[in-house]
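S.K.: coordinates only, no sequence provided:
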């Protein structure tokens, strides 16, 4: 079942905001030529710069840690061109994430640095937990 799908570990609350569709740019100091369906994995630790992101979450929202929480499309990456969104960071590559679809249930797993390849077992668990929108993305790969 090996596919071109990749995963990216993102620290909460940023992973939560991407899952909600409120954050469409992920900031990284590096880029990649890879494009496609991306599993959004919530890291086990809170981002050090989390205060602004936490304030943007709805009241009562419970952040998820250590699990795949959504499926999205990485369509493009562009160099820092100023504040293209409120979440853009100067001096970073801006990863353009589209069509983020939350899973019905987060799938616990360990993350990794950089883009990583999910195992077949993880992909099956994500497929089993996929919402209709997430399933559409997974099938479209």
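M.R.: Structure's in. What do you need? Only a predicted model underlies this, so the values are computations on that prediction, with no experimental measurement involved.
S.K.: look up phi and psi at the most centrally placed residue in the chain.
M.R.: Taking C-alpha atoms, centre = their mean, the centroid of the chain lies closest to residue 40, which sits 2.9 Å from it. Backbone torsions for residue 40, taken as degrees, to the nearest 10, come to phi -90, psi 110.
S.K.: give me the beta-bridge partners of it?
M.R.: residue 8, residue 70 (DSSP bridges).
S.K.: residues in contact with it?
M.R.: 7-8, 10, 15, 18-19, 68-72, 97, 100 (C-beta atoms under 8 Å, 6 or more residues apart in numbering). (Each C-beta comes from the backbone N, C-alpha and C, glycine too.)
S.K.: burial of the residue nearest to residue 26 when sequence neighbours are not counted, as a residue count?
M.R.: Spatial nearest neighbour of residue 26, excluding adjacent residues (C-beta to C-beta, 6 or more residues apart in numbering): residue 95 at 4.2 Å. Neighbourhood size, residue 95 [other C-beta atoms under 10 Å]: 24.
S.K.: tell me who's in contact with residue 95.
M.R.: Residues counted as contacts of residue 95 (C-beta under 8 Å, 6+ apart) are 25-28, 31, 74, 77.
S.K.: which strand or helix spans it?
M.R.: Using DSSP states H and E, residue 95 maps to strand 93-108.
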